[in-house]
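[1] sequence and predicted structure, then a few things I'm wondering about:
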Amino acid sequence: MTDRLNCWQFRNCGREKGGLLAEELGVCPVATALKYDGINHGTGAGRYCWKIAKTLPVESGLQGCTGQCRTCEFYTRVLFEEQEAVNGQFACTIR
């Protein structure tokens, strides 16, 4: 069984609650999106981050969501780990 990481763990961005950069850059909305808690076995939207628009400013220099889900290593990892697209949950809505 593969470890099911949340996006902030995979990216090591430090923007989760209590993370190294949370105070400086703010807590990422993905980590606090509790309405998505449990989807794909994640915490908050941690494994459903593509439903949260503009999760990390590109100008920060950190790797974050750029809206190009199909080429995102984390997105493809979750697709592989979950192995099914239920109710369109793997449709990227970020533009």
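    Now that the structure is in, tell me what you want to look at. Residues are numbered from 1 along each chain as shown.
[2] alpha carbons only for contacts and neighbour counts from here, please
    Fine.
[3] number of nearby residues for Glu16?
    Per other CA atoms under 10 Å, the neighbour tally for Glu16 reads 23.
[4] now do Leu25
    13.
[5] tell me how many other residues crowd Phe80.
    10.
[6] check what pLDDT it gets.
    Looking at Phe80, its pLDDT stands at 87.
[7] where does pLDDT dip in this structure?
    The model of the chain has pLDDT under 70 over residues 1-2, 53-68, 84-95.
[8] for it, give the helix that spans the most residues.
    Looking across the chain with DSSP state H, the single longest helix is helix 73-82.
[9] buried ones in that helix?
    74-75, 77-78 (16 or more other CA atoms under 10 Å).
[10] would you map the strands across the protein?
    In the chain, no strands are defined using DSSP state E.
[11] where do the helices sit along it?
    Using DSSP H, helices in the chain cover 7-11, 22-25, 29-32, 73-82.
[12] so which of those helices is nearest Trp50?
    When the helices of the chain are compared by CA to CA, helix 73-82 sits nearest Trp50, at 7.8 Å.
[13] show me the contacts for Glu16.
    The neighbourhood of Glu16, defined by CA atoms under 8 Å, 6 or more residues apart in numbering, consists of 8, 22, 27-28, 31.
[14] narrow those to those that are buried.
    The neighbour count (16+ other CA under 10 Å) marks 8, 27-28, 31 as buried among these.
[15] coming back round to it: could you export the longest helix of the chain as CSV, keeping only the C-alpha atoms?
    This file holds the C-alpha atoms of helix 73-82, laid out as CSV (Å, rounded to 0.1, in the frame of the first residue of the first chain):
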residue,chain,number,x,y,z
GLU,A,73,2.8,15.0,-10.4
PHE,A,74,0.6,15.0,-7.3
TYR,A,75,-2.6,14.9,-9.3
THR,A,76,-1.4,11.9,-11.3
ARG,A,77,-0.2,10.2,-8.1
VAL,A,78,-3.7,10.6,-6.5
LEU,A,79,-5.3,9.3,-9.8
PHE,A,80,-3.0,6.2,-9.6
GLU,A,81,-3.5,5.6,-5.9
GLU,A,82,-7.3,5.9,-6.0
